[in-house]
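Visitor: Give me the fold of what follows.
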Amino acid sequence: MQRHCLTLDLKDDETAIAEYKRYHVKIWPEVKKSLFDAGVLEMEIYLLGTRMFMIMDVNDEFSLSAKAAADAANAKVQEWEALMGKFQQPLPQAKPGERWMVMERVFSLADQ
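Guide: Next up, the predicted model:
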């Protein structure tokens, strides 16, 4: 099993953050299916202020680039991403069009 950790900011707007959280109480079934179909076994998103942190546990066949390609071909996922994009704010180091950014693991207790 692989683990991917990503980060992104939300816009600094309490009302928008509350709405973003409401959307994630029960995500759209098509979005959930796309995650499972890509090999995502578990996903959690944490929030502190405007900074979000996503943890994805995935199967050994999972590929971030394959997931991105599948998402680009899925109209419902694109609709979801466009909607979520209204709440999200790219990090300063993001390239144009880049939102969720892969984080570097710098410590693991298991490696000690």
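Visitor: What segments of the protein are strands?
Guide: Taking DSSP state E to define them, one finds strands in the chain at 2-10, 40-48, 51-58, 88-89, 101-102.
Visitor: Next, the buried residues of the first one.
Guide: Applying a neighbour-count criterion of 16 or more other C-beta atoms under 10 Å, one finds 4, 6, 8-10 buried in strand 2-10. In short, each C-beta sits where N, CA and C put it, glycine included.
Visitor: confidence score at Cys97?
Guide: That one is not Cys; residue 97 is Gly. For Gly97, the pLDDT comes out at 88.
Visitor: Give the burial count for it, as a bare number.
Guide: 6 (other C-beta atoms under 10 Å).
Visitor: Same check on Ala16?
Guide: 15.
Visitor: Find the residue closest to it in space, skipping its chain neighbours.
Guide: Phe87 (5.1 Å; C-beta to C-beta, 6 or more residues apart in numbering).
Visitor: burial of that neighbour, as a residue count?
Guide: For Phe87, the neighbour count with other C-beta under 10 Å is 19.
Visitor: That one and Asp9 touch, don't they?
Guide: No: contact criterion C-beta atoms under 8 Å: Phe87 and Asp9 do not qualify, at 9.9 Å.
Visitor: intersection of neighbour lists for these two?
Guide: With contacts defined as C-beta atoms under 8 Å, 6 or more residues apart in numbering, no residue is shared by Phe87 and Asp9.
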